[in-house]
Structures are given as C-alpha cells and as structure tokens.
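J.: Take a look and give me a structure for this.
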Amino acid sequence: MVSAELITNSREQMLGTLADLASADAQRAYRDAVPFVHIPIELACQWDNVSRLLRDAAWFRDSLTDTELAAVLAFDTQFDSLMQSFGNDLPDLDILWTDDRWAQLGLDASSTLDAFP
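T.: Residues are numbered from 1 along each chain as shown. Purely as a prediction, here's the structure:
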C-alpha cells in the first residue's frame with residue numbers, strides 16, 4: 001500500500017513543475033536561486049519523473065480525478081513532442097524564452113493547472 005504522504009508529495013511535485021513551466025517569472029526565480037543548474041533540463045527531468053509515474057504507477061493515476069488525469073496525459077504528450085523537437089540540444093532559458101514552442105508549452109502547462117481545484 002502506498003502512503004498518503006507519497007501520494008501528496010507526488011501530486012505537489014507535479015503541480016510545482018507545471019507551475020514552473022507555466023511561468024517565465026518562476027523560471028527566472030529558479031535560475032537565480034540555483035545559477036549553476038540548466039533550468040530547462042532540470043524541468044524536463046522533473047516532468048520525466050511525472051511521466052514515469054503516469055505510465056508505471058496505478059496509485060498515482062488513481063490519485064487524479066478523470067478531468068485531472070485527462071489534462072495531465074494531454075500535457076505529457078505535448079511535453080514529449082516538444083522535447084523531441086529539440087532533440088539532444090535543449091537551449092538555456094534566454095534562448096527558450098524567445099522560442100514559440102516554449103511559450104506554447106507554458107500556456108499548455110497553465111491550462112493543465114486549470115484542471116486542478
């Protein structure tokens with residue numbers, strides 16, 4: 001049996017990652033807090049963890065309402081498509097902020113957050 005704490009922490013991590021992806025200001029603050037970290041790669045790794053939970057952990061999927069799950073699965077597909085479009089060369093934030101694909105991802109993340117109360 002999975003603990004309520006693990007479920008809560010996993011959901012909070014997912015929502016935090018979505019919030020960071022949805023906000024250039026949050027990304028700036030993240031970069032300022034840890035200037036030695038490549039923030040786009042860090043966010044991609046964080047979302048990859050969520051994606052793995054969506055694929056492999058029934059308890060995680062079951063913790064989401066039908067509306068939340070549909071929104072997160074749609075975002076996961078969009079995120080995967082974006083990452084594939086960059087290949088192995090995900091630029092740093094200064095370049096990404098000028099890229100329409102990254103801007104659209106932010107809008108998609110924001111829309112996904114709207115599925116959560």
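J.: And the strands in this structure, which stretches?
T.: Across the chain, reading from the start of the chain, there are no strands by DSSP state E.
J.: For the longest helix along it, name the packing helices and strands.
T.: Among the elements of the chain assigned as helix by DSSP state H, the one spanning the most residues is helix 66-86. Counting by 3 or more C-beta pairs under 8 Å, 6 or more residues apart in numbering; DSSP states H and E, the packing neighbours recorded for helix 66-86 are helix 39-56, helix 100-113. Yep, even glycine has a C-beta here, placed from its N, CA and C like the rest.
J.: can I get the CA coordinates of it in CSV?
T.: The C-alpha atoms that make up helix 66-86 are tabulated as CSV, following Å, rounded to 0.1, in the frame of the first residue of the first chain:
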residue,chain,number,x,y,z
ASP,A,66,-10.8,11.8,-14.5
THR,A,67,-10.5,15.5,-15.5
GLU,A,68,-7.1,15.9,-13.9
LEU,A,69,-5.8,12.7,-15.5
ALA,A,70,-7.0,13.7,-19.0
ALA,A,71,-5.4,17.1,-18.7
VAL,A,72,-2.1,15.7,-17.4
LEU,A,73,-1.9,12.9,-20.0
ALA,A,74,-2.6,15.5,-22.8
PHE,A,75,0.2,17.7,-21.4
ASP,A,76,2.5,14.8,-21.1
THR,A,77,2.0,14.1,-24.9
GLN,A,78,2.6,17.8,-25.7
PHE,A,79,5.7,17.9,-23.5
ASP,A,80,7.2,14.8,-25.1
SER,A,81,6.6,16.2,-28.6
LEU,A,82,8.4,19.4,-27.6
MET,A,83,11.3,17.6,-26.1
GLN,A,84,11.6,15.5,-29.3
SER,A,85,11.6,18.7,-31.4
PHE,A,86,14.7,19.9,-29.5
